[in-house]
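1. compute the structure for the input listed below.
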Amino acid sequence: MEPPVSFKANAVRDEQTKILHAMQCPSPEEAGRRAVRGQYDAGEIDGRPVPAYRSEPNVAPDSTVETFVALKTSHRQLALGRCSFYLRTGKRLAARDTEIAIKLRRAPFVLFRDTPVDQLASNRLVLHIQPDEGITLRLGAKIPGPILKLAPST
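-> Below you'll find the model as predicted:
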């Protein structure tokens with residue numbers, strides 16, 4: 001977001017609101033290509049069997065209510081340029097994590113000759129919000145030695 005004019009609650013809220021208004025809402029036709037919806041199935045939690053969503057009490061056996069959604073959305077703010085956001089949420093997922101993963105764009109050329117671009121892993125900055133707060137930076141780095149070979153380094 002753009003820096004607020006002050007750190008008063010209203011000024012910060014106004015800048016955050018601008019970000020939400022700049023998000024592009026997909027058309028109904030586009031939503032089918034940008035979103036995935038689903039329901040959880042039967043499984044195990046801590047070694048105990050748990051029922052599928054449609055087998056839960058007070059849920060219709062033919063329910064179409066989603067318990068998981070993943071959505072790709074775009075941002076139309078000039079300062080960010082081309083920027084996509086991927087949002088995922090659901091019930092009964094394997095882990096409860098909140099994180100912001102920033103995938104850095106590849107350079108327009110490769111500094112290490114004879115290294116095909118499609119073999120390079122993307123550089124990522126991950127901000128872990130909960131449950132374990134922290135920051136992870138993953139970069140492609142040269143493996144020490146005389147041979148020019150790259151590997152991810154965290």
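
2. pull the number of nearby residues for Ala94.
-> By other Cβ atoms under 10 Å, the residues close to Ala94 number 7. Heads up, the C-betas are built off the backbone N, CA and C, glycines and all.

3. doesn't it lie inside a strand?
-> No - secondary structure assignment places Ala94 outside any strand; it is coil (DSSP: H, G, I helix; E, B strand; the rest coil).

4. isn't Lys91 right up against Tyr40?
-> Yes - the pair Lys91 / Tyr40 is scored as a contact, 6.2 Å apart, by Cβ atoms under 8 Å.

5. what's the overlap in contacts for those two?
-> Counting by Cβ atoms under 8 Å, 6 or more residues apart in numbering, the contacts common to Lys91 and Tyr40 are 53, 67-68.

6. of Lys91 and Tyr40, who's got more company?
-> Between Lys91 and Tyr40, counted using other Cβ under 10 Å, the more crowded position is Tyr40 (18 against 10).

7. starting from the helix or strand of the chain with the lowest mean pLDDT, tell me which strands it pairs with and how they run.
-> Of all the helices and strands that make up the chain, the one with the lowest confidence by mean pLDDT, DSSP states H and E is strand 23-24; it has a mean of 76. The strands beside strand 23-24 in its sheet (DSSP bridges) come out as strand 68-75 (antiparallel).

8. list the contacts of the strand it pairs with.
-> Residues lying outside strand 68-75 but in contact with it, judged by Cβ under 8 Å, 6+ apart, are 19, 22-26, 34-40, 83-91, 93.

9. now do it: distance to the chain's middle.
-> 9 Å (Cα atoms, centre = their mean, to the nearest Å).

10. may I see the buried residues of that strand?
-> The neighbour-count check on strand 68-75 (16 or more other Cβ atoms under 10 Å) flags 68, 75 as buried.

11. how about that strand as PDB, C-alpha atoms only?
-> Once non-C-alpha atoms are left out, strand 68-75 reads as follows in PDB (Å, rounded to 0.1, in the frame of the first residue of the first chain):
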ATOM      1  CA  PHE A  68     -12.500 -24.900   0.400                       C
ATOM      2  CA  VAL A  69     -11.800 -22.100  -2.100                       C
ATOM      3  CA  ALA A  70      -8.700 -21.000  -3.900                       C
ATOM      4  CA  LEU A  71      -8.800 -17.800  -5.900                       C
ATOM      5  CA  LYS A  72      -6.300 -16.000  -8.200                       C
ATOM      6  CA  THR A  73      -7.000 -12.200  -8.300                       C
ATOM      7  CA  SER A  74      -5.200  -9.300  -9.900                       C
ATOM      8  CA  HIS A  75      -4.300  -5.900  -8.700                       C
END
